[in-house]
Structure formats: C-alpha cells, structure tokens
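**Q** What would the 3D arrangement of this be:
(one chain, ligands or ions: 1)
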Amino acid sequence: MISEKMQNAFLDQINKELYSEYLYLSMKAYFTSLNLNGFANWMDCQVKEERAHAMGMFDYVLERGGNVELEAIEKPDTKWASPLAVFKQVLSHEEYVTSRINALMDVADETKDRAALIFLNWYLKEQVEEEATAGGILAQLELIGDDKHALFALDKELAQRVFNPPVIG
Ligand code: OFO
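**A** Next up is the predicted model:
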C-alpha cells in the first residue's frame, strides 16, 4: 500500500504530466498555424508521450492501492515569437520536470518507499533523453537563425518522428 504522502506527490506529478501534454498540444497548434507540419508532428508525438507518462503514474498509484483524484490543468501559453522561442521553453520545461521527478524521488527516500524509487528510475532516465532531444533541436534552431531553407530542412527531418508507446517501469 502506498503512503498518503507518496500518493499525493504522484498525484501532483500526474497533473504536471497532463499539463506537459497540454503545453505540447498548444505548441502543435502554433506550428500547424505556421505550416511547419514536421514540427507539428514532433509535438504530436510529444503530446502522446506525456499522456503515457501521466498514465504510467496513474496506473501505478492505483496498483499500489492509492486513490487518484484529478485536479484542474493550468492553461498553457498559446503564442510564441518563433520556433526558437518554443524550443527554449521546451528545454526549460523539461528541466523543470526533471527537478520534479527528483523531488518525487526525495519523497520516496523519506518514506522508505523502495518500490516507488525503482519505478521512478525509469522517469529519471527518460528525462535525460527528453532534455538531450529538446536541447539538440534548440541548438539546431540557434544555428539556423534566419535561414528559411535550413528551417524547412529541419521541418522535414522532424516529420519523420514516429510515436512508439513507451514501456514504463
Ligand atoms: Fe516531457 O517528460 Fe513527462 O513531462
């Protein structure tokens, strides 16, 4: 049985993961409005990943005998100055999520919940990948600057991304 403290920490993070889903959905709409459909596809995959992250925790809390109560999801931004501005936000958001997963692991430590620690290892490794991917695209956008041809080339590359449902845990 999961402790109430650990359960509530997971519930808070489920809300953050659902917010991540919402934020990337809003970014997908932004890229679609610019006709950058490859970027929009990349965001669509990200949306599905975030839902999977939320559902992994949702199922885990229930499996451990906890209760899931969902809270309202914060409204995400809807406008950005440029694709570069979007990816600056993606990277800083993912860094924030990493800090949240670390905080969740602190609660698991405090409550001596070793099962939760093992479960959260997957999320921590995932964050290394999330930050590296977002940082990589951000670095490319910084190099691209105002070069529209290079931007469309990157858009074509991002159109290739395919969502593979993650196996969590
Ligand atoms: Fe983007 O990793 Fe979950 O939030």
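**Q** any idea how far T32 is from A134?
**A** 19 Å (CB to CB, to the nearest Å). Quick note: C-beta positions are derived from backbone N, CA and C, even for glycine.
**Q** More neighbours: which of the two?
**A** A134 (20 against 15; other CB atoms under 10 Å).
**Q** Contacts only, for that one.
**A** Counting by CB atoms under 8 Å, 6 or more residues apart in numbering, A134 touches 87, 90-91, 94.
**Q** Report the buried residues of the host helix or strand of M6.
**A** Element membership for M6, per DSSP states H and E: helix 4-33. Within helix 4-33, the residues scored as buried using 16 or more other CB atoms under 10 Å are 6-11, 13-28, 30-31.
**Q** Tell me which other helices or strands it touches.
**A** helix 37-63, helix 83-110 (3 or more CB pairs under 8 Å, 6 or more residues apart in numbering; DSSP states H and E).
**Q** as a whole number, average confidence for it?
**A** Averaged across helix 4-33, the pLDDT comes to 98.
**Q** Any part of that helix near the ligand?
**A** Yes. Using CB under 6 Å from any ligand atom, we find that helix 4-33 touches the ligand at 17, 20.
**Q** what angle sits between that helix and helix 83-110?
**A** Our comparison of helix 4-33 with helix 83-110, counting by axes from the mean of the first three to the mean of the last three CA atoms, to 10 degrees, yields an angle of 170 degrees.
**Q** got the contact list for the residue lying closest to A150 once chain neighbours are set aside?
**A** Nearest residue to A150, sequence neighbours excluded (CB to CB, 6 or more residues apart in numbering): I144, at 4.3 Å. By CB under 8 Å, 6+ apart, the contact list for I144 reads 150-151, 154.
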